[in-house]
Structures are given as C-alpha cells and as structure tokens.
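> sequence and predicted model, in that order:
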Amino acid sequence: MSRLVVVSNRVAVPNQQAANTGGLAVALREALQANGGVWFGWSGKIAQRTSSQPTLTEVAPVTYATVDLGRKDHSEYYNGFANRTLWPLFHYRLDLAEFPRQNYEGYLRVNSLFAEQLRPLLGDDDDIWIHDYHMIPLASELRRLGVRQRIGFFLHTPFPALEVFLALPSHERIARSLCAYDVVGFQTMNDLRAFLDYIVNESGGEVLEDGLVKAYGRTLKAQVFPIGVEAENLARTAAHALKVPAVRRFRESQRDRAFLMGVDRLDYSKGIPERFEAFQRFLERYPAWHRQVVMVQIAPGSRAEVPEYKQIREELEARAGHLNGAFADYDWTPLRYLNKGVPRETLVGFFRLSAAALVTPLRDGMNLVAKEYVCAQSPHEPGVLILSRFAGAARELDAALLVNPFDPDGVADAIARALNMSMEERVERWEAMIKPLRENSLDAWRDSFLKALRQAPYAAPSDTPGHAP
Ligand SMILES: O=P(O)(O)OC[C@H]1O[C@H](O[C@H]2O[C@H](CO)[C@@H](O)[C@H](O)[C@H]2O)[C@H](O)[C@@H](O)[C@@H]1O
Ligand SMILES: O=c1ccn([C@@H]2O[C@H](COP(=O)(O)OP(=O)(O)O)[C@@H](O)[C@H]2O)c(=O)[nH]1
C-alpha cells in the first residue's frame, strides 16, 4: 500500500505544547495512528526566521516534519490571511474579514515555501492529503515543482455561499487552486453545493456525473466526507471516567445540581456570548431552576494575537461577571467559566456527568465536541444535546434538540425542555444519534477519502479517447 503524507498547518507532535489544539489535530493524530506515514506542517513555534528545512521527529509509526515560522510569515500567513481573511469569510463574518494585499502575498509565500520543503520528502508512490484553508494553494505549488502524485484536499471549515465567497478579492485564484487537487472533500452537502455553485456560475466549469468537476483545464472529484470520531473508544473512556481524579472532583462539586456543559475554543464562530445570553434568559424566565442548575463553560484561548480573539475574551469575562453578579447567591454560582483547556479524557467524564450540552456555534464546519458528547453518554441515562442548526454536525445529529443560536429565547426554551425531558425521550434521541456516529467513525472518514483519492486521476467522459463530443 502507498505511504500516506498528511499536511496541515497544525501538527500534533506527541508531548509538545500545541499538540491538542482543536478538532483537526485531534482527528488527524488518530487517523494517522493506524498505518503511519508522514505529517508535515507548522511546528506551532514562532522563531526569528522561518526554518530553511523541516525538523524530523520519529514517533513510530509517524514521522513528523515541522517548520518553525518567522514572525513576518506567522503574522501574514497564519494570523493574517488564514485567520483574518479566510476564517471570518468562510464563517459568514464578512463584517470581520480584512483583505490587505500584504497578507495574501504572505499566504502565497508560505505555501510556496512549504511546497519546496515538502518536495524532497515525497516518494513516487505517496498519497498526499492536504488539510484546510491555510493550505489551499499547496497543490498548485507542488505541481509547479513537478509533483505528479495524487493530491487530495479536505476543508474542515464551511465553504461559503457564492455571494459571500465573491467578496474575496482573490476568489478566482483560490478556486483555481482548489481545482489543482484530484479530490476535494467537504464536511456537508451545503459546503459542496456552495463550491459547485461557484464552479458552474463563475469559473465557466461543469459539474458532471459521479461528483466529477471539470474546471480550469482539469477534472477532479468533489465529494462530502463528514469527519467522524472514535465512538467506541470515547464510550469506553467515559464509562471509566470516574478513575480520573479531576472527574471525581467535578462530581463532588456537583452535589445534586444539573450541569449544562459548553466546550469550545475561544472563537467568535462558536457563539459563546450568545449562549451566555440564552442562559441568562433561561434564568430570568424559569426561576424554579435557580440553585438547581449550573452552566460549565470551558473555553481555552485560541489565536490570541488576532484582535477579534482578544476582544471576545474580554467580552466573555465581562458577561460572565455580569451574569453571576445578577444571579449568584452565597451558595450558588450559576456560571462557571474556565478560560483554559482540559484533557479530552477528562472532558468525556464531564460530559458523562452532565444533564445537557450546549453546542451552539453561529457557524461551524463540523464540531467534534457535539459528536464526542453523544459518544460519552450512558446508554441508559443519556444527557441531552442542544445543537445549533448551523454546525455541520447537525446534518447527522438531527435527533438533537436543534436550535437557532441567534435566538436566545429559543435556546432558553430548549434548555428548559432538555432539563424536563423524560428518560424515554432522552434514550430515544440518543439511540438515533449514536447510530450514525458508530457507522461514520473516524476510520471510515479516512478510508473513504483515501479510497476516492486512490482512484485518481479522474477523467471526464469527454477526455477519454474515442468519445464523440
Ligand atoms: O489550529 P488553530 O488555529 O488553533 O485552530 C484549531 C482548528 O480549528 C478549526 O477546526 C475545524 O476542524 C474540526 C475537525 O474537522 C471541525 O470539527 C471544526 O468545525 C473546524 O472548525 C480549523 O479548521 C483547524 O484548521 C484548526 O486546526
Ligand atoms: O479544553 C478542551 C477543549 C477542546 N478539546 C478538544 O478539541 C476538539 C475541538 O474540536 P471541534 O471540532 O469541536 O472544534 P474546533 O476547535 O476544531 O473548531 C475536540 O476534540 C475537543 O474534545 C480538548 O481536548 N480540550
């Protein structure tokens, strides 16, 4: 079998600091464990200068090849074009998106440099799988250097609707770069549809049968591959969670109160201020629940140098203080807000002990927390998932209590409904959700993407010899 080379901005090198940040790193770490391979990307370190070659770290079965970024590259490529242009735009926050030409040039420069450093590590029979919006131009850069191997791309974020994508001054170059891949994967049908809309209406390309797309002189496959989680492992970990001292302490602090859980990177796309607002509405409108319920929000810092992330951090501190100031009593603090990360093994224990989870992003590619929450539940006494309809996960988890995160009264009602839900209904909803999670596991996600990639190169019927035009 050919070797797998995974490329992503975030690389989870074992025992290193940046290892556990975000769903992409969690998922790829697990996806590479089975058959091994190479994982190339940013080291997570900012250095005086960008490395001239990657540092190789062997932790069988994976070779990690990581590059330190110099301050200017880090600022223009990661903080700049990736996180102040593409991220807000892809999450429908045109109001926050900025388009300085310098950041775009930094983005192209770092992609070209990654291609040069990756090129010597590639074997003739490798399959190359590139991840996320930081790396869109990488395939065309690799092709420019003569790389002929199969290259696939998976977008972990949403792909925005046509009118939003067109606001990007470099939309044509970005779309053309996507078409340099052999397979382009999306989280949901919505994302795929938006991409195809661009192909048909803007690129002058065509959408053919079987997910084939013909555009910019190439034929590629565009398909939906919703990312999964390791359902059985998470369930096992959760069942034994009380062995973890932090989970025991959490339970002791609970007394007989119902816990509502929120776990998100501190990101404006996650809808945390809106969630606090909804919880406040709930406390105002359902006073019988005072002292009976506590909301626990875990929000590790993220992208701390980007101004919008600093602002949201300050906003949340103020809102949390305000909410507790208005409702807390000497024996009850309604909101516990932790601005730090918690190991995943501990998180699943917290999930198991909670009455409900609030996963209410304003927009999210998938949201693995929603899937992990369901997997961590006891089959006989499951908690309730309150889930935003704008999370990719809502497609598979439509038996959750689906909410509109922009409507605080609606979310407040959903909290009350979750807390009052009969055990029969909780079990029924959980069974409907765990089924697709067991079927679309993380292994199934990886295998189905690689299966599609290994069928490349794709050709349109009109490209095959003997086909009458
Ligand atoms: O690497 P960071 O800048 O610290 O950000 C963390 C990751 O955030 C995003 O995660 C996405 O991938 C998840 C798994 O597919 C998905 O569930 C979630 O909806 C996405 O937002 C980002 O796309 C990653 O590149 C980052 O590493
Ligand atoms: O304190 C934390 C917060 C989050 N996570 C993990 O980080 C991932 C977050 O992925 P998700 O897809 O929900 O969102 P992202 O941060 O990638 O946008 C999940 O696996 C969480 O279990 C964690 O281990 N500790």
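Cool, got the structure. Ligands and ions are numbered 1, 2, ... in the order given.
> only C-alpha atoms from now on, for both contacts and neighbour counts.
Will do.
> okay, buried residues for stretch 433-453 please.
433-434, 437-438, 440-446, 449-450, 452-453 (16 or more other Cα atoms under 10 Å).
> and for that stretch, what's in contact with it?
Residues from elsewhere that reach stretch 433-453, judged by Cα atoms under 8 Å, 6 or more residues apart in numbering: 27, 30-31, 127, 150-152, 182-183, 185, 225-232, 371, 374-375, 396-400.
> report the mean per-residue pLDDT for that stretch.
The predicted model assigns stretch 433-453 a mean pLDDT of 95.
> what's around the closest residue to Val427 other than its chain neighbours, how many residues?
Across the structure, with Cα to Cα, 6 or more residues apart in numbering as the measure, the residue nearest Val427 apart from its sequence neighbours is Pro382 (6.2 Å). One way to gauge burial is a neighbour count; for Pro382, by other Cα atoms under 10 Å, it gives 27.
> the one 10 residues further on now?
In terms of burial, Gly392 registers 27 neighbours under the definition other Cα under 10 Å.
> next: Ser388.
Ser388 is flanked by 27 other residues according to other Cα under 10 Å.
> next: Gln102.
When neighbours are counted by other Cα under 10 Å, Gln102 registers 12.
> how close does it sit to ligand 1?
From Gln102 across to ligand 1, the span is 20 Å (Cα to the nearest ligand atom, to the nearest Å).
> Gln187 now?
Using Cα to the nearest ligand atom, which is the criterion applied here, Gln187 is 8 Å from ligand 1.
> again with Leu234
For Leu234, the distance to ligand 1 - Cα to the nearest ligand atom - is 16 Å.
> centre of the chain versus the helix or strand where that residue lies, how much separation?
Under the criterion DSSP states H and E, the helix or strand holding Leu234 is helix 231-239. In terms of Cα atoms, centre = their mean, to the nearest Å, the centre of helix 231-239 is set 21 Å apart from its chain centre.
> repeat for stretch 265-283
For stretch 265-283, the gap between its own C-alpha mean and the chain's C-alpha mean amounts to 19 Å (Cα atoms, centre = their mean).
> just stretch 179-189 next, same as before
With Cα atoms, centre = their mean, you get 16 Å for stretch 179-189.
> now the end-to-end length of it.
This stretch, stretch 179-189, spans 18 Å end to end (Cα to Cα, to the nearest Å).
> where do the strands sit along the stretch 101-250 of the chain?
127-131, 150-154, 183-186, 206-207, 212-215, 218-224 (DSSP state E, counting those that start in this stretch).
> could I get those as CSV with mean pLDDT, distance to Phe279 and mean neighbour count?
Listed next are those as CSV, based on pLDDT from 0 to 100; distance: least, Cα to Cα, whole Å; neighbours: other Cα atoms under 10 Å:
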stretch, mean pLDDT, distance to Phe279, mean neighbour count
strand 127-131, 97, 35, 23
strand 150-154, 98, 35, 25
strand 183-186, 98, 32, 26
strand 206-207, 97, 45, 18
strand 212-215, 98, 45, 21
strand 218-224, 98, 34, 23
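> ok, His290 to Phe279 distance?
Taking Cα to Cα as the measure, His290 falls 12 Å from Phe279.
> before we move on, what about Val342?
Val342 sits 22 Å away from Phe279, going by Cα to Cα.
> Leu335 now?
Summarising the geometry, the distance separating Leu335 from Phe279, computed by Cα to Cα, is 9 Å.
> between these two, who's got more neighbours?
The neighbour comparison of Leu335 against Phe279 (other Cα under 10 Å) goes to Phe279, with 25 against 22.
> for Ala416, grab the count of nearby residues.
Around Ala416 there are 15 residues (other Cα under 10 Å).
> what do you get for Ala97?
Neighbour tally, Ala97, other Cα under 10 Å: 21.
> and it, what does it touch?
By Cα under 8 Å, 6+ apart, the residues touching Ala97 are 84-89.
> looking at it now. What's its pLDDT?
At Ala97, the pLDDT recorded in the model is 98.
> need the three-state assignment for it.
Under DSSP: H, G, I helix; E, B strand; the rest coil, the three-state class of Ala97 is coil.
> skipping adjacent residues, who's closest to it in space?
Of all residues beyond its chain neighbours, the one nearest Ala97 is Thr85 (4.8 Å), with distances taken as Cα to Cα, 6+ apart.
> and what of Gly392?
Of all residues not flanking Gly392 in the chain, Met366 sits nearest, at 4.0 Å (Cα to Cα, 6+ apart).
> hmm, Phe225 and the one you found touching each other?
No. With the criterion set as Cα atoms under 8 Å, Met366 and Phe225 do not qualify as a contacting pair; they are 10.7 Å apart.
> need the residues touching each of these two.
Gln187.
> Ala258 versus the residue nearest to Val427, what's the distance?
When Cα to Cα is applied, the distance between Pro382 and Ala258 equals 13 Å.
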